[in-house]
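S.K.: the sequence isn't on hand, but the structure is:
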Ligand code: DX5
Ligand code: ZN
């Protein structure tokens with residue numbers, strides 16, 4: 001039997017008019033992290049929210065905040081998001097000119113650091129990066145919106161990344177984000193995924209807490 005994945009529900013699909021209620025629901029659930037999607041309208045074609053909202057999320061959350069920065073040059077904002085309450089920060093390979101410096105800045109801020117690959121970016125780009133990562137996030141949709149269809153090529157990328165990590169950093173976690181449902185969760189874990197992000201699958205479900213259990217198993 002493969003080990004159980006960590007589940008990181010994406011608050012992008014939560015009800016922002018009732019954010020506290022939705023966070024309390026996740027506090028009571030079997031999820032492991034809260035996934036927080038920050039979008040700048042430049043790196044991705046959508047704007048979500050910034051540090052002030054993250055601060056409010058932190059006030060109510062009883063689980064680590066997994067902050068996914070979909071912003072250009074995220075290195076400018078590492079300490080701001082640390083101060084807002086991030087426990088983990090992931091930054092896009094495609095948004096960083098000095099990725100190595102940015103990942104070290106996240107670690108120097110006392111946080112877990114991860115790099116994210118868009119669907120078009122091959123795993124081989126991470127040959128010289130995974131040594132300093134606590135996690136790698138593979139996008140299984142083009143970032144910017146919740147509720148998109150899962151890209152099947154992700155299974156193969158998870159396997160390739162697992163092989164790279166076995167060689168270079170076996171403790172590094174693999175996270176998958178976008179279009180994750182109870183239909184593909186098992187196959188992702190079999191391929192080597194450790195953390196599953198799920199937005200609409202959780203929040204559009206009639207029983208989100210039960211769906212989190214189902215995603216785990
Ligand atoms: C997409 C975000 C995802 C999104 C996932 O750009 O990074 O975290 O919220 O939503 P679902 O699970 O609905 O695809
Ligand atoms: Zn995300």
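M.R.: Now that the structure is in, tell me what you want to look at. Quantities reported herein were computed from a predicted structural model and do not represent experimental measurements. Ligands and ions are numbered 1, 2, ... in the order given.
S.K.: phi and psi next, for the residue of the chain at minimum distance from ligand 1.
M.R.: Proximity to ligand 1, evaluated over the chain using C-beta to the nearest ligand atom, is greatest for residue 199 at 2.9 Å. (C-beta placed from N, C-alpha, C; glycine too.) Main-chain torsions, residue 199, degrees, to the nearest 10: phi -100, psi -80.
S.K.: burial count for it?
M.R.: Look at residue 199: counted by other C-beta atoms under 10 Å, it has 24 neighbours.
S.K.: contacting residues for residue 215?
M.R.: Neighbouring residues of residue 215 by C-beta atoms under 8 Å, 6 or more residues apart in numbering: 5, 7, 180, 182, 185, 196, 198, 201-202.
S.K.: repeat for residue 22
M.R.: 11, 14-15, 203.
S.K.: sorry, back to before: does the residue of the chain closest to ligand 1 touch residue 12 like I think?
M.R.: Yes. With contact defined as C-beta atoms under 8 Å, residue 199 reaches residue 12; the gap is 5.2 Å.
S.K.: okay, and the common contacts of the two?
M.R.: With C-beta under 8 Å, 6+ apart, residue 199 and residue 12 have common neighbours 35, 37, 146.
S.K.: ranking by neighbours, what's the top pick from these?
M.R.: Neighbour counts for the shared contacts of residue 199 and residue 12, by other C-beta under 10 Å, peak at residue 35, which reaches 27 neighbours.
S.K.: check the secondary structure at that one for me.
M.R.: Three-state assignment for residue 35 (DSSP: H, G, I helix; E, B strand; the rest coil): strand.
S.K.: just checking, it touches residue 14?
M.R.: No. Contact criterion C-beta under 8 Å: residue 35 and residue 14 do not qualify, at 10.4 Å.
S.K.: how about residue 138, phi and psi?
M.R.: Per-residue torsions, residue 138: phi -100, psi 120 (degrees, to the nearest 10).
S.K.: what count of nearby residues applies to it?
M.R.: For residue 138, the neighbour count with other C-beta under 10 Å is 24.
S.K.: same check, this time on residue 205
M.R.: Each residue near residue 205 was counted by other C-beta under 10 Å, and the total is 17.
S.K.: ok, it - contacts?
M.R.: Contact partners of residue 205, counting by C-beta under 8 Å, 6+ apart, are residue 211.
S.K.: by neighbour count, which of the contacts of residue 215 wins?
M.R.: Ranked by the number of neighbours (other C-beta under 10 Å), the contacts of residue 215 place residue 202 first, at 31 neighbours.
S.K.: so what's that residue closest to, chain neighbours aside?
M.R.: Leaving aside its chain neighbours, residue 202 sits nearest to residue 9 (4.5 Å; criterion: C-beta to C-beta, 6 or more residues apart in numbering).
S.K.: tell me which stretches of the protein form helices.
M.R.: Secondary structure of the chain by DSSP state H: the helices cover 19-27, 51-60, 78-84, 99-108, 154-168, 185-191, 200-203, 208-216.
S.K.: low pLDDT regions in this structure?
M.R.: Applying pLDDT under 70 to the chain flags the ranges 1-2.
S.K.: how about the residues of it near ligand 1?
M.R.: Taking C-beta under 6 Å from any ligand atom as the contact definition, the chain meets ligand 1 at 10, 12-13, 35, 37, 68, 141, 143-148, 177-180, 197-201.
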